[in-house]
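Participant: Could you look at this predicted model? Sequence included:
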Amino acid sequence: MSETPSSIGGTLEDFLEELGERDAVYGEAIKRVLAWQIEDARQKQSITKSDMAARMGTSRTQLERVLDPCNVAVSLDTLDRAARSVGKKLVIELVDV
């Protein structure tokens, strides 16, 4: 019989930790938010994807990877260039847990 998590009544974070999925879920959630914010800024400024890719100094294919909310394998440098190409600044900070 397989073992199931025992966090009934616990937090979602506790449940994900028990499953060993917390970091993966958090990473994807952060990427989804960043992708959404970058795409929203691009659309609000009427910047085409081709123009944005050119501003970033990359290909449109690479830009599609940046904007794909499920693709978490994007470097911080690439996310920073994407943010700057739409007039934004990527800010990363460490906080106590």
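Facilitator: Right, received. Where do you want to start? Please read these numbers as outputs of a predicted model, since none were measured by experiment.
Participant: Low-confidence regions, this protein specifically.
Facilitator: 1-8 (pLDDT under 70).
Participant: all strands for it, in order.
Facilitator: Assigned strands in the chain: none (criterion: DSSP state E).
Participant: Report the central residue of it.
Facilitator: Residue closest to the average C-alpha location in the chain (CA atoms, centre = their mean): Lys31, at 0.9 Å.
Participant: And the residue nearest to it when sequence neighbours are not counted, how far from Val25?
Facilitator: The spatially closest residue to Lys31, leaving aside those adjacent along the chain, is Val72, at 4.7 Å (CB to CB, 6 or more residues apart in numbering). Bear in mind the C-beta positions are built from the backbone N, C-alpha and C, glycine included. Per CB to CB, to the nearest Å, Val72 is found 11 Å from Val25.
Participant: Same question for Ala41.
Facilitator: Distance from Ala41 to Val25, by CB to CB: 25 Å.
Participant: Neighbour count: these two, which is higher?
Facilitator: Legend: neighbour count by other CB atoms under 10 Å for Ala41 and Val25, higher for Ala41 (17 against 14).
Participant: Cross-check the contact I'm expecting between that one and Lys88.
Facilitator: Yes - with contacts counted by CB atoms under 8 Å, Ala41 reaches Lys88, the gap being 5.8 Å.
Participant: if I look at Gln62, how far off is Ala24?
Facilitator: As for Gln62, its distance to Ala24 is 23 Å (criterion: CB to CB).
Participant: which of the two has more neighbours?
Facilitator: Between Gln62 and Ala24, counted using other CB under 10 Å, Gln62 has the larger neighbour count: 16 against 12.
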